[in-house]
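Asks: Predicted model, plus sequence, below.
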Amino acid sequence: MARPTIPIYVAAVNRGMIRAAAAEADGLVGHPIYSRKYIADVVLPELAGTKCEPAIYVITAVSNDREQARREARAQIAKDGFFNQS
């Protein structure tokens, strides 16, 4: 069965792009290392009253070796860590 509509999700990090997503998109794909404070103080207020739903996700790493998984997750956070300063 075909969908009547296909939802549009927009990736956004800064306030301007979050506003653009809120104005036009069905959902916002946030950054995986948004801080809880950034989500509460910036993301959710910008989405309030719109049809745009947050699609927040978390960084994961899978390995039988727990320390290897932690190193891999840590590397992803370190690569993009500047976003966590919000």
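Replies: It's in.

Asks: Skipping adjacent residues, who's closest to the spatially most central residue of the chain in space?
Replies: Most central residue of the chain, judged by C-alpha distance to the mean C-alpha position with C-alpha atoms, centre = their mean, is residue 30 at 1.7 Å. Take residue 30 and drop its neighbours on the chain: the residue closest to it by C-beta to C-beta, 6 or more residues apart in numbering is residue 56, 4.8 Å away. No exception for glycine: its C-beta is placed from N, CA and C like everyone else's.

Asks: Residue 29 now?
Replies: According to C-beta to C-beta, 6+ apart, the nearest residue to residue 29 is residue 11 (4.3 Å).

Asks: What pLDDT does the model give that neighbour?
Replies: Looking at residue 11, its pLDDT reads 93.

Asks: Kindly provide the distance from it to residue 59.
Replies: 15 Å (C-beta to C-beta, to the nearest Å).

Asks: now do residue 45
Replies: 24 Å.

Asks: if we can go back for a sec, residues in contact with the residue nearest to residue 29?
Replies: Taking C-beta atoms under 8 Å, 6 or more residues apart in numbering, we find residue 11 in contact with 17, 28, 29, 30.

Asks: I'd say residue 23 and residue 49 touch.
Replies: No. Counting by C-beta atoms under 8 Å, residue 23 stays clear of residue 49, with 11.1 Å between them.
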